[in-house]
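Chemist: sequence plus the predicted model coming up.
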Amino acid sequence: MELKDKLLSSYVAFENDIDTNSDIHEIRSEAFKNFEDLGFPTKKLEAWKYTSLNAVLKQDYSLFPSKGNSIQLSDVQKYFIHDIDTYKLVFIDGKYSSFLSETTHDTFDVCLMSAALTKPKYKAVIENYFNKIAKKDNLTSLNTAFASEGAYIYIPRNVEVEKPIQIINFTTGSEAAIMMQPRNLIVVEQNAHVQIIERHQSLTSNPVLTNAVTEVFAAKDATVDIYKIQNDDISASLIDNSYIEQKSNSVVSVHTFSFGGNITRNNLNFYQRGEHIDSILKGITILEGKQHVDHHTLVHHIEPNCESHQDYKGIYDERSTGVFNGKVVVDKEAQKTNAYQKSNNVLLSDKATINAKPQLEIFADDVKCSHGCTIGQLDDDALFYMQQRGIPEKEGRALLMFAFANTVLESVKIPEVKQRIAKIIANKLNVKIGFNL
Amino acid sequence: MLKIENLHASIDDKSILKGLNIEVKAGEVHAIMGPNGAGKSTLANIIAGKDDYEVTAGTIELNGEDIRELAPEERAHNGVFLSFQYPVEIPGVSVTNFIKTAINQTRKAKGLEDMPAKDMLKMIREKSELLEIDRKFLSRSLNEGFSGGEKKRNEIFQMAMLEPKLAILDETDSGLDIDALRIVANGVNKLKSKDNAVIVITHYQRLLEYIVPDFVHVLHDGKIVKTGDASLALELEAKGYDWIKELV
């Protein structure tokens, strides 16, 4: 059975398991209808021109894995940022693991979407925010239709959350192939601050397909930093749909580190509803083999005097392929917008591919918008220079690549995350040098 | 220390060195002078191991060992240092961290542990003072946005840190004003010892007033056509290179 049909036919069973009287049932049903009409995206769609899901969709995924898969902390500790104290929301095969998690309800909520969707306490927030900015496109609709579990984070006004929050989705491989659809909601009220680290990690070589949706609301003066660590097993594919709405004077940054996985598609959407907003989108992508990463970004400047900064660095080896599609829309009212976009890429092999496509739609006349895209190779003269100083070729290459990516890494605000990324890069480049640049 | 015999080399099938001989012993300073296109930088790059050039004949021995097949970093580990005519800009890597990496990779090649951080800092402080390099300069990206003089001073700073056996200074005087020239020359002179050797490649006699050579060689059309003492440099300065061409 095709995956679409399997999803459609399983919806009845899914509905039997949930409270169909709840308010969000209507939202789910509508989303289900949407997906039924649209199906999975194909390469015929402009937005999917360079990314084919065909091979990934052919697997016979288990949609509702059985409960009770447990894992030992010692086996998975390396996937956490464990050298600092953090809140943790950990899911194993889509089910919450209280053993590995550390939640809170003191002054703010770091807890479960399943609770938020069903308990009266959260009703007002869910009504105000759930599925309000998520697009009605095929994959987001699919996630919404089955939305039941994920992270729920609510930070009230003036609260500065001191510990970062980690959201980690593990898959164990007790099923032959598994499809996951985590759904996260992050609401950060006026003048509140929070830092979030997201990771999807497969512990198996069985195929995994994750179709995640995260909605983030940053109210006036709020600060939100999100770090997405994508270093998954080569058999795991990820579609990560993020929707971020910002109000006046808020600052939201999203760093996406794409090193692993089979096919990764990042749909990262920012909507600026207020003035003096800053949106920061940064990424480092280092791929090899036949890996494929597609960054689709959208920044919608709706009101005046806002900024956006995009800086994506990509290094592609062997037959890997990358896509950077950066769309910036500046509405007529959004005068004095400053929108910057950079996509710099290095191809290490003549079989590697990058498709870079800036898309600027500007309707205001007093704006600064720039975009720059480069595709190059490692500088042989720089490499010789390094070798001449005693740095072997392999380490020299790694150092050059690291230096190339470092403009993105240096803006990471959590030192332990920065170190972790540096370590992953060193492992990826197979060198043992400290990139303490 | 360095012994080159009958060296022939070409790039893209264009013959550049055509039977070059030179021997440099420990404790000596050699100057190689000559007109543009004589092959001076080619010689420097070939000794350092740049693979754009093809050595078609001859031998290059460093301390009795043929180094023609060694990778550039292996030559560096054996004590070869080239001060580049045009030092490469490497954005994103600070001067300090670059030199730390260079030193520790060299130590690793010799089976040594990383230099303790305290010793490294001390050495960096001493050597940067020797070359009158400002602290702030050390945290900047390597050569990025440096003036010509800063780049050359940074080269000699790295040389001071790496303490090479054989230092080749390729047009280190170009782009230097007279004060910077004095600082750089002073740095080189302080590093000179009976155990190491220096090859100074230059167009002009100016640098040789400060770094006094034991031998001056004139390179013309891929060969050394005349060798003398320091006075030969003065003669070249006064008469130009045309009379050399007539010698051939």
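Modeler: Structure's in. What do you need?

Chemist: so which elements touch the helix or strand of chain B with the lowest mean pLDDT?
Modeler: Taking mean pLDDT, DSSP states H and E as the measure, chain B has helix B:242-247 as its least confident helix or strand, at a mean of 78. The contact analysis (3 or more C-beta pairs under 8 Å, 6 or more residues apart in numbering or on different chains; DSSP states H and E) places helix B:242-247 against strand B:215-220, strand B:223-228. C-betas here are computed from N, CA, C, even on glycine.

Chemist: flag every residue of chain B that's near chain A.
Modeler: Residues of chain B lying close to chain A by C-beta under 8 Å from any C-beta of the partner chain are B:48-50, B:71-73, B:75-77, B:80-82, B:84, B:87-94, B:97-99, B:101-103, B:105-106, B:109, B:158, B:162.

Chemist: related to what we said a few turns ago, so which of the helices and strands packed on helix B:242-247 is nearest residue A:169?
Modeler: The closest of the helices and strands packed on helix B:242-247 to residue A:169 is strand B:215-220. By C-beta to C-beta, the value is 66.4 Å.

Chemist: which residues are contacting that closest one?
Modeler: B:20, B:22, B:28-35, B:38-40, B:43, B:208, B:224-230, B:232-233, B:236, B:241, B:244-245, B:248 (C-beta atoms under 8 Å, 6 or more residues apart in numbering or on different chains).

Chemist: in the chain, where is pLDDT below threshold?
Modeler: All of this refers to chain A. Filtered on pLDDT under 70, chain A yields the residue ranges A:21, A:67-68, A:433-437.

Chemist: try again with chain B
Modeler: Looking at chain B by pLDDT under 70, you get B:248.

Chemist: can you name the residue of it nearest chain A?
Modeler: residue B:92 (3.1 Å; C-beta to the nearest C-beta).

Chemist: OK, contacts around that residue?
Modeler: Counting by C-beta under 8 Å, 6+ apart, residue B:92 touches A:402, A:403, A:404, A:405, A:406, A:407, A:437, B:141.

Chemist: list the contacts for residue B:10?
Modeler: Residue B:10 neighbours (C-beta under 8 Å, 6+ apart): B:16, B:17, B:53, B:54, B:56.

Chemist: ugh, typo on my part, it should be residue B:190
Modeler: Contacts of residue B:190 by C-beta under 8 Å, 6+ apart are B:130, B:160.

Chemist: on the three-state scheme, it is what?
Modeler: helix (DSSP: H, G, I helix; E, B strand; the rest coil).

Chemist: which of the contacts of residue B:10 count as buried?
Modeler: By neighbour count, with 16 or more other C-beta atoms under 10 Å in any protein chain shown, the contacts of residue B:10 hold B:16, B:17, B:53 as buried.

Chemist: out of the residues you listed, which is nearest to residue A:14?
Modeler: Using C-beta to C-beta, those come closest to residue A:14 at residue B:53, 68.7 Å.

Chemist: interface residues of the stretch 151-300 of chain A facing chain B?
Modeler: Residues of the stretch 151-300 of chain A found near chain B (C-beta under 8 Å from any C-beta): none.

Chemist: what's the residue nearest the centre of chain B in contact with, if anything?
Modeler: In chain B, the residue lying closest to the centroid (C-alpha atoms, centre = their mean) is residue B:168, at 2.0 Å. Shown in contact with residue B:168 (C-beta under 8 Å, 6+ apart): B:44, B:47, B:48, B:80, B:81, B:82, B:83, B:198, B:199, B:201.

Chemist: neighbour-wise, which of these leads?
Modeler: Using other C-beta atoms under 10 Å in any protein chain shown as the neighbour test, the contacts of residue B:168 are led by residue B:82, with 29 neighbours.

Chemist: leaving out sequence neighbours, find the closest residue to it.
Modeler: residue B:48 (4.2 Å; C-beta to C-beta, 6 or more residues apart in numbering or on different chains).

Chemist: list the contacts of that neighbour.
Modeler: Here residue B:48 is in contact with A:384, A:388, B:72, B:75, B:76, B:80, B:82, B:168 (C-beta under 8 Å, 6+ apart).

Chemist: inside helices: which ones of these?
Modeler: A:384, A:388, B:72, B:75, B:76 (DSSP state H).

Chemist: just those residues now: which is nearest residue A:259?
Modeler: The closest of the ones in helices among the contacts of residue B:48, once distances to residue A:259 are taken by C-beta to C-beta, is residue A:384, at 27.6 Å.

Chemist: quick one, what contacts that closest one?
Modeler: B:48, B:50, B:72, B:88.

Chemist: Three-state assignment for residue A:265, please.
Modeler: strand.

Chemist: and stretch B:179-192, what's buried?
Modeler: So stretch B:179-192, judged by 16+ other C-beta under 10 Å, has buried residues B:180, B:181, B:183, B:184, B:185, B:186, B:187, B:188, B:191.

Chemist: for residue A:169, what are its contacts?
Modeler: Residues near residue A:169 by C-beta under 8 Å, 6+ apart: A:90, A:91, A:94, A:180, A:182, A:199, A:200, A:201, A:210, A:212.

Chemist: which residues does the third one contact?
Modeler: Under the criterion of C-beta under 8 Å, 6+ apart, the contact list for residue A:94 reads A:65, A:149, A:169, A:180, A:181, A:182.

Chemist: list the contacts of the second one.
Modeler: What that stands for is residue A:149. So residue A:149 contacts A:91, A:94, A:95, A:96, A:112, A:113, A:114, A:182, A:183 (C-beta under 8 Å, 6+ apart).

Chemist: nearest residue to it other than its sequence neighbours?
Modeler: Nearest residue to residue A:149, sequence neighbours excluded (C-beta to C-beta, 6+ apart): residue A:114, at 4.9 Å.

Chemist: now do the same contact list for the one you found.
Modeler: Counting by C-beta under 8 Å, 6+ apart, residue A:114 touches A:96, A:148, A:149.

Chemist: next step: these restricted to strands.
Modeler: Those of the contacts of residue A:114 mapping onto strands are residue A:96, per DSSP state E.
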